[in-house]
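Q: here are the coordinates; sequence isn't available:
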């Protein structure tokens, strides 16, 4: 399994390594170029020193070089080399270190040095500078000669107005080995590599420690989540102060845990309620069967028993049917067919189904919905919603009550409100009313309500995109509102 810690560490170290490699290459290039420039400058300086030893007299170029003043040109080990020619290629002088060998001529422009790499006569790698210059003329006074040397040793000093400029040109080439330069470059590169390795090691350690410290709140949350199971869903994850990234995660996880805990509690209550709802009719069935078996000859009593059996079977069938519908609604397998509906007619049609139940308690319906109001919805499912709302209102309203149905229209859609008076309903009961098998008073329900009606209403409203809410006013009148019905 891939680890966030390892990925972060690898990515950060790889990024740092890439940046350090680029920086190292840049530093190496700049240092190498600077060292080569300094090497060339020293090589040119030595060549110009040799230029000052040459002079011309009556068309002849003389070169006053003494080995003991520049022993590097006669050394036995790692010698340096020079060679002097006229521009036409006539040899004037060479260093003793050359022996019979020659340095290459490159025919440079006047007073413009030319640098080249080459292999020295002794096989070493070297670098050569070639300079073309005008030798000093004999007969110039010392002040002119000194002024010319200070101005530029490679250029001829200014002459008297009557002295013609010489057309004699000479070439000098000076070469020396680059082993010291190469060794210095290698040393610099080695130091850069060593520094890179040390810095990368330190960076890897620092990155690892930083990542571990940064992920410490995440590890803490992971440990808390790892210990969660169905037995301790009431546990909540601690807040992560100073961690803006983890705060939304802990909030969402705590919300999820709260919903899971509520769902598990509902499931536990659901199992107990189902057992309770089925235990009572099953016990009655057993009692009726045993009594009927004891007195089979009493026909009137047996007929009464069968009538009770029919009622029990109806109650059990109603409970099972509602549970199956709830399961289908939650699974999303119920089809929805949206059609235009005259809302007032659907309300009257639904109320007729409950006439006998309403007449038993002398409860009336006040339908305040205008006759021409049409909404778009699934007729069967909306009718089932109204059936459960009206049945619930009739069952829990006092005798001689009036159930009011009204519609409020707005730009967002129509809102249908069903209200009825209540006796013992409290504000804290409102969040519980839509839970399965919840009943405020089983005795007042007459044993005919399993407490699934409002749960079914909520599920049906969900698939019809209807928002459902409830309110209990100060006059103890309870209202359920169906919002966002789409007018036609």
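A: All right, it came through fine. Please read these numbers as outputs of a predicted model, since none were measured by experiment.

Q: wasn't residue 122 part of a strand?
A: No: under DSSP: H, G, I helix; E, B strand; the rest coil, residue 122 falls outside any strand and is assigned coil.

Q: just give the nearest non-adjacent residue to it, would you?
A: Spatial nearest neighbour of residue 122, chain neighbours left out: residue 79 (7.4 Å); criterion: Cβ to Cβ, 6 or more residues apart in numbering. C-beta: built from backbone N, CA, C; applies to glycine.

Q: now swap in residue 189 and tell me
A: residue 28 (5.9 Å).

Q: check which element follows the helix or strand hosting that neighbour along the chain.
A: Using DSSP states H and E, residue 28 falls within helix 4-51. The helix or strand immediately downstream of helix 4-51 is strand 54-57, counting by DSSP H and E.

Q: who touches that next one?
A: Contacts to strand 54-57, defined as Cβ atoms under 8 Å, 6 or more residues apart in numbering, come from residues 61-64, 84, 92, 133, 135-139, 166, 168, 170, 172.

Q: top of those by neighbour count?
A: Counting neighbours by other Cβ atoms under 10 Å, residue 172 leads the contacts of strand 54-57 with 27 neighbours.

Q: tell me the secondary structure at the residue nearest to residue 122.
A: At residue 79, secondary structure determined by three-state DSSP is coil.

Q: and it, how far from residue 169?
A: Look at residue 79 and residue 169: by Cβ to Cβ, to the nearest Å, they are 27 Å apart.

Q: what of residue 202?
A: To residue 169, residue 202 is 60 Å away according to Cβ to Cβ.

Q: of these two, which one has the most company?
A: residue 169 (15 against 10).

Q: contacts only, for that one.
A: 86-87, 110, 132-134.

Q: need phi/psi at it.
A: The phi/psi pair for residue 169 (degrees, to the nearest 10) reads phi -120, psi 140.

Q: what distance do you get for it to residue 131?
A: Distance from residue 169 to residue 131, by Cβ to Cβ: 11 Å.

Q: try residue 467
A: Taken as Cβ to Cβ, the span from residue 467 to residue 131 is 96 Å.

Q: more crowded one of the two?
A: Neighbour comparison, residue 467 and residue 131: the larger count goes to residue 131, with 23 against 14 (by other Cβ under 10 Å).

Q: packing partners for the strand or helix carrying that one?
A: Element membership for residue 131 (DSSP H and E) is strand 125-133. Using 3 or more Cβ pairs under 8 Å, 6 or more residues apart in numbering; DSSP states H and E, the elements in contact with strand 125-133 are helix 4-51, strand 114-119, strand 170-177, helix 179-214.

Q: partner strands of the shortest one, parallel or antiparallel?
A: I take that to be strand 114-119. Note on strand 114-119: by DSSP bridges, its sheet partners are strand 125-133 (antiparallel).

Q: how about the strand it pairs with: buried residues?
A: By neighbour count with 16 or more other Cβ atoms under 10 Å, strand 125-133 contains the buried residues 126-133.

Q: also stretch 459-475?
A: 459-461, 463-464, 466, 468, 470, 472.

Q: hmm, which two among those are most spread apart?
A: 463 and 472 (26.6 Å; Cβ to Cβ).

Q: in the protein, what residue spans correspond to helices?
A: Ranges of helices in the chain, per DSSP state H, are 4-51, 142-151, 179-214, 216-226, 246-294, 299-331, 343-353, 355-361, 379-396, 442-445, 453-463.

Q: those into TSV, with extra columns for mean pLDDT and distance to residue 418?
A: Compiled in TSV, the helices of the chain are given as follows (pLDDT from 0 to 100; distance: least, Cβ to Cβ, whole Å):
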stretch	mean pLDDT	distance to residue 418
helix 4-51	92	53
helix 142-151	50	112
helix 179-214	91	56
helix 216-226	80	44
helix 246-294	72	25
helix 299-331	66	19
helix 343-353	92	9
helix 355-361	88	14
helix 379-396	88	5
helix 442-445	46	18
helix 453-463	81	10
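
Q: so which of the ones you listed is nearest residue 372?
A: helix 343-353 (8.2 Å).

Q: chain center to that closest one, what's the gap?
A: With Cα atoms, centre = their mean, to the nearest Å as the basis, helix 343-353 stands 55 Å off its chain's centre.

Q: cool, and stretch 202-215?
A: With Cα atoms, centre = their mean, you get 20 Å for stretch 202-215.

Q: ok, now stretch 183-194?
A: 41 Å.

Q: which residues are in contact with that stretch?
A: 24, 27-28, 31-32, 35.

Q: and for stretch 239-255?
A: 217-218, 220-221, 225, 236-238.

Q: need these in CSV (columns: neighbour count).
A: Shown next, in CSV, are the contacts of stretch 239-255 (neighbours: other Cβ atoms under 10 Å):
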residue, neighbour count
217, 20
218, 16
220, 14
221, 18
225, 12
236, 14
237, 19
238, 12
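
Q: closest to residue 363 among these?
A: Closest approach between the contacts of stretch 239-255 and residue 363, by Cβ to Cβ: residue 236, at 46.1 Å.

Q: list the single closest residue to the closest one in space, sequence neighbours excluded.
A: Ranked by Cβ to Cβ, 6+ apart and with sequence neighbours excluded, the top spatial neighbour of residue 236 is residue 254, at 5.0 Å.

Q: quick check: the gap between the one you found and residue 133.
A: For residue 254 relative to residue 133 (Cβ to Cβ), the value is 88 Å.

Q: cool, residue 474 as well?
A: 115 Å.
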